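**Student:** Here is my input, please return the structure:
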Amino acid sequence: MKRIVIAAALACCLMTAPVYAGKVRLGGWQATTDTTIDDKAQAAFDAAYDEDAETELEPIDLLATQIVSGTNYCFLCRSDAGYSLVYVYEDLQGDAQITSIQDIVFGEDKAYETAEASSEQKDED
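**Tutor:** So this is what the prediction gives:
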């Protein structure tokens, strides 16, 4: 199950920004080959995450990094929603903040729901 979640999360992460296999593009996301969270990434997450926050987050894997004027990290986390992609930005001085949290939703086919709603609208007209 964990492998499926990691694969789905990595796919979501990679769809949000370009990654070029084997080439690091300045400003581009680089997928990690080892999803273990290293000390530097863990320190950035800890600096950004307020344990008193309403949403409980537990980082379980580091999916990708992006070198900018600092570093962006994409973590797979357990959360109140089940699993979430958590994006953390750490500046060159070591200050960090969470920039985005995207819940991973399983079993919902948005394309199907949109097509079904569109079909129902036509039937009403």
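
**Student:** residues touching Ala81, list them.
**Tutor:** 103-104 (C-beta atoms under 8 Å, 6 or more residues apart in numbering). Just so you know, the C-beta spots here come from the backbone N, C-alpha and C atoms, and that holds for glycine as well.

**Student:** what do you get if the cut-off is 10 Å, keeping everything else the same?
**Tutor:** When contacts are counted by C-beta atoms under 10 Å, 6 or more residues apart in numbering, Ala81 is found next to 55-56, 101-105.

**Student:** what sits against the closest residue to Glu56 other than its chain neighbours?
**Tutor:** Distance criterion C-beta to C-beta, 6 or more residues apart in numbering; nearest residue to Glu56, sequence neighbours excluded, is Asp80 at 5.6 Å. Counting by C-beta under 10 Å, 6+ apart, Asp80 makes contact with 54-57, 103.

**Student:** how near is Gln93 to Val86?
**Tutor:** 21 Å (C-beta to C-beta, to the nearest Å).

**Student:** out of those two, which sits in the more crowded spot?
**Tutor:** Counted by other C-beta atoms under 10 Å, Gln93 and Val86 do not tie: Val86 has more neighbours, with 23 against 7.

**Student:** just checking, next helix/strand downstream of the helix or strand encompassing that one?
**Tutor:** Using DSSP states H and E, Val86 falls within strand 82-90. Going down the chain from strand 82-90, the next helix or strand is strand 96-103, by DSSP H and E.

**Student:** Just the angle for that next one relative to strand 82-90, thanks.
**Tutor:** 150 degrees (axes from the mean of the first three to the mean of the last three C-alpha atoms, to 10 degrees).

**Student:** What mean pLDDT does strand 96-103 get?
**Tutor:** Averaged over strand 96-103, pLDDT sits at 95.

**Student:** before we move on, what about stretch 44-62?
**Tutor:** Mean predicted lDDT for stretch 44-62 stands at 91.
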